[in-house]
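Visitor: structure of the sequence below:
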Amino acid sequence: MAKFGLDKVLGAIEKYKVTHMFVVPPVMVSLAKQWQMMNNKYDLSSLKQIISSAASLSRDLIEICAHILPHVQIFQAYGMTEACGNISMENPKGGPPFSGSTGTLMPLIQSKIVSVTTMNPLPPNQMGEICIRGPTITLGNKLYNEPWFNPVGSYYYFMRQVAAAELEGLLLSHPDVVDAVVIP
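Guide: Predicted coordinates for the structure are as follows:
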């Protein structure tokens, strides 16, 4: 696979008149850092929306990119492979732009935040593990019998940096794993 280059991406947007783009946060960081050096080299007028997912974007980063591309709607989303796409998305058309959250739940998605230790539901504004269900979610372990809820509020995704040794220890704690190496 060829190495990522912002020049290549922006050149492709110009050449193919790309209108919608799904990116990961490092692409947004590259755009924010390198745009001044590119001196408006590319015509990005075809671009209408950018959706970033895989990790949270800071409000400052989103605002810098919005200033660079004022004609583009920037969405921040949260998703996972098991959900076959996004489960929540911040919609700048539907509320205050760039709140720093990953938005509200997508249609037909239900969720609850539970305590990592007890698996009991938590009240709003508490950190915990997100549990989701909906028609796009792959089948998995059934943990709950009680009804789930679908709150109207926004979700904030707090990433936790995990040391490679901690992940290796977790993997090695499984009886079927003989050895493990995590390369950051």
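Visitor: so how far is Asn40 from the residue nearest the centre of the chain?
Guide: In the chain, the C-alpha nearest the mean C-alpha coordinate belongs to Ser53, at 2.7 Å (CA atoms, centre = their mean). Counting by CB to CB, to the nearest Å, the gap from Ser53 to Asn40 is 27 Å. C-beta here means a position set from N, CA and C on the backbone, and glycine is covered the same way.
Visitor: for Leu105, same thing?
Guide: Counting by CB to CB, the gap from Leu105 to Asn40 is 38 Å.
Visitor: okay, the two: which has more neighbours?
Guide: Leu105 (21 against 9; other CB atoms under 10 Å).
Visitor: isn't that one right up against Ile113?
Guide: No. Between Leu105 and Ile113 there is no contact under CB atoms under 8 Å: 11.9 Å.
Visitor: okay, strands next: where are they in this structure?
Guide: 20-23, 49-52, 73-80, 85-89, 104-105, 110-114, 129-133 (DSSP state E).
Visitor: average pLDDT across the first one?
Guide: Here the mean pLDDT over strand 20-23 is 95, rounded to a whole number.
Visitor: any idea which helix or strand in the chain has the lowest mean pLDDT?
Guide: In the chain, no helix or strand scores lower on mean pLDDT, DSSP states H and E than helix 164-172, which sits at a mean of 70.
Visitor: roughly how far apart are Phe75 and Leu44?
Guide: Taken as CB to CB, the span from Phe75 to Leu44 is 17 Å.
Visitor: and Lys17, by the same measure?
Guide: Lys17 is 10 Å from Leu44, by CB to CB.
Visitor: for these two, indicate the residue with more neighbours.
Guide: Neighbours of Lys17 and Leu44, each counted by other CB under 10 Å, are more numerous for Leu44; the result is 18 against 12.
Visitor: need the pLDDT of the more buried one.
Guide: At Leu44, pLDDT is 96.
Visitor: check Leu69 too.
Guide: Looking at Leu69, the pLDDT reads 93.
Visitor: same thing with Lys33?
Guide: 86.
Visitor: ok now the longest helix along the chain, how far from the chain's centre?
Guide: Determined from DSSP state H, the single longest helix within the chain is helix 25-38. Distance of helix 25-38 from the chain centroid (CA atoms, centre = their mean, to the nearest Å) equals 18 Å.
Visitor: and the strands of the chain, which one averages the lowest pLDDT?
Guide: Taking the mean pLDDT of those, strand 129-133 comes last: a mean of 81.
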